[in-house]
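I need the structure of the sequence given here:
(2 chains)
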Amino acid sequence: ILNVEQSPQSLHVQEGDSTNFTCSFPSSNFYALHWYRWETAKSPEALFVMTLNGDEKKKGRISATLNTKEGYSYLYIKGSQPEDSATYLCAFIHDMRFGAGTRLTVKP
Amino acid sequence: DSGVTQTPKHLITATGQRVTLRCSPRSGDLSVYWYQQSLDQGLQFLIQYYNGEERAKGNILERFSAQQFPDLHSELNLSSLELGDSALYFCASSVHPGSTDTQYFGPGTRLTVL
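Numbering: from 1, shown residues only, chains lettered A, B, ... in the order given. Down below sits the predicted model:
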């Protein structure tokens, strides 16, 4: 993997479902990975900065893990709510590589 | 509210014209970033400034230029505008340009070129 890849591109879940999606990146020369939430018609909002292999961060119902050796980070949302509907971006700020995002839609 | 302000919110202009977008970073932030989001595209990094100096350049066209002033506000100048320049332009700021520094995004300026 040369670039930052996110999967799936989009995801539709029902309210109350838990969900997760992936950010994949080259495992060599890791720097900090940033996760953002980007709601429609708003601007990206920082969620987490992941720095160390094995990092696990949590903010309310949203959490993220990091595996730098295998080159991926997972974002989990527990008990999805309609207000979680957004595009979730991962990025390496040191060289400005952004993933294309996972667009999450939570249906009431 | 991230503390980053951008003006104007909306801008409508004609092809061939020149516009200036303005960004004021959060208080205490020294680094400013400019991004472009075209229709159905992701965030494209344009340029970064740190304490008045250009630090990194992305996919910024030669018709575009930017600067960061001593009071740390930044301006993005877009000239000889084309229809394809219509986009949402975001400014973000961070304390320092380090890899772990959180970027805070402004509300964006929507540019429409007719």
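
contacting residues for B:C91?
Neighbouring residues of B:C91 by C-beta atoms under 8 Å, 6 or more residues apart in numbering or on different chains: B:4, B:6, B:21, B:23, B:25, B:32-35, B:74, B:76, B:105-106, B:108. C-betas here are computed from N, CA, C, even on glycine.

Would you mark the buried spots in stretch A:95-107?
Neighbour counts using 16 or more other C-beta atoms under 10 Å in any protein chain shown place A:M96, A:R97, A:F98, A:G99, A:A100, A:G101, A:T102, A:R103, A:L104, A:V106 of stretch A:95-107 among the buried residues.

Equivalent analysis for stretch A:32-50, please.
A:32-38, A:43-44, A:46-50.

Now, these that are in strands?
Among these, the members falling in strands (DSSP state E) are A:L33, A:H34, A:W35, A:Y36, A:R37, A:W38, A:A46, A:L47, A:F48, A:V49, A:M50.

So what does the residue nearest to the second one when sequence neighbours are not counted have for phi and psi?
So that's A:H34. Nearest residue to A:H34, sequence neighbours excluded (C-beta to C-beta, 6 or more residues apart in numbering or on different chains): A:A91, at 4.8 Å. Phi and psi for A:A91, reported as degrees, to the nearest 10, are phi -160, psi 150.

Any idea what A:A91 is bridged to?
A:H34, A:F98 (DSSP bridges).

dump the residue contacts of it.
Counted by C-beta under 8 Å, 6+ apart, A:A91 has contacts A:V4, A:L33, A:H34, A:Y36, A:R97, A:F98, A:G99.

ok, now with 7 Å
Counting by C-beta atoms under 7 Å, 6 or more residues apart in numbering or on different chains, A:A91 makes contact with A:V4, A:H34, A:Y36, A:R97, A:F98, A:G99.
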